[in-house]
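# Here's a sequence, model it:
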Amino acid sequence: MQAAPVRATAIPSFATALRAVESLLMSGGQRTARRNAWTSVLEDRRRAKDRTEAQRVLEQAVAARRP
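Okay, here's the model as predicted:
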């Protein structure tokens, strides 16, 4: 007797499920605006991280030049 093949079904991630609900509740323009806003947030975070890293490097360079 052979066992039936098992089929794996991928469980959607929370983000995927949230996007699906969002698409049902919001019009296209609102979705685009929200996506653009989130992209801006991520970009601001990246820039802040880059600024912090640049400041750390500059402070290390100044400290290395001191006698």
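
# Can you name every helix or strand that the worst-scoring helix or strand of the chain on mean pLDDT contacts?
In the chain, no helix or strand scores lower on mean pLDDT, DSSP states H and E than helix 14-25, which sits at a mean of 81. Using 3 or more C-beta pairs under 8 Å, 6 or more residues apart in numbering; DSSP states H and E, the elements in contact with helix 14-25 are helix 28-65. No exception for glycine: its C-beta is placed from N, CA and C like everyone else's.

# one step back: distance from the chain centre to the least confident helix or strand of the chain, please.
16 Å (C-alpha atoms, centre = their mean, to the nearest Å).

# Likewise for stretch 26-38?
16 Å.

# same check, this time on stretch 50-67
For stretch 50-67, the distance to the chain centre is 28 Å (C-alpha atoms, centre = their mean).

# Stretch 46-55 too?
Distance, centroid of stretch 46-55 to centroid of chain: 17 Å (C-alpha atoms, centre = their mean).

# swap in stretch 38-48?
9 Å.

# Find the residue ranges of the protein scoring beneath the pLDDT cut-off.
In the prediction, the chain carries residues with pLDDT under 70 at positions 1-10.

# rerun that using 90 as the cut-off
Low-confidence segments of the chain, defined by pLDDT under 90: 1-35, 65-67.
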